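Asks: no sequence for this one, just the structure:
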């Protein structure tokens, strides 16, 4: 996955890997793997996906039927999320339709549209 250097940019959206991303990914996967609950329809809605490490990691585990990644609208962030998604498809055999990427800024009308498309993500 691509995580470019952030430097001294005023907007670091998608330009840094948050220190909690990998430990959170590990914790979620551990809980899912140790759970005895039914796992047939797992979905994720990630708000503020940044470079996509958490959501892409969940998608790469192949335990999720749908992973929706959202972040504020910046041209670079969207392109990077799409590039990282294609990397998973090409190099790890992830199905192309598992991950969806949306530009989303909370408070804009568009967030209602994205959430309505993701209405099955409520468990």
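Replies: Nice, thanks for sending it over. As the structure is a prediction and not an experimental result, all values here were calculated from the model.
Asks: Going along the chain, name the helices of this structure.
Replies: Assigned helices in the chain, in chain order: 21-34, 53-60, 75-92, 110-117 (criterion: DSSP state H).
Asks: now the last one: mean pLDDT?
Replies: In this model, helix 110-117 has an average pLDDT of 66.
Asks: returning to that earlier point: which of the helices of the chain has the highest mean neighbour count?
Replies: For the helices of the chain, the stretch with the most neighbours on average is helix 53-60, a mean of 23; neighbours defined as mean count of other CB atoms under 10 Å. C-beta here means a position set from N, CA and C on the backbone, and glycine is covered the same way.
Asks: Check what contacts it and list those residues.
Replies: Under the contact criterion CB atoms under 8 Å, 6 or more residues apart in numbering, helix 53-60 has outside partners 1, 3, 17, 21-22, 24-25, 28-29, 44, 46, 49, 64, 67-69, 84-85, 88, 92, 94, 98-99.
Asks: closest to residue 103 out of the helices of the chain?
Replies: When those are ranked by proximity to residue 103, the top entry is helix 75-92, at 5.5 Å, counting by CB to CB.
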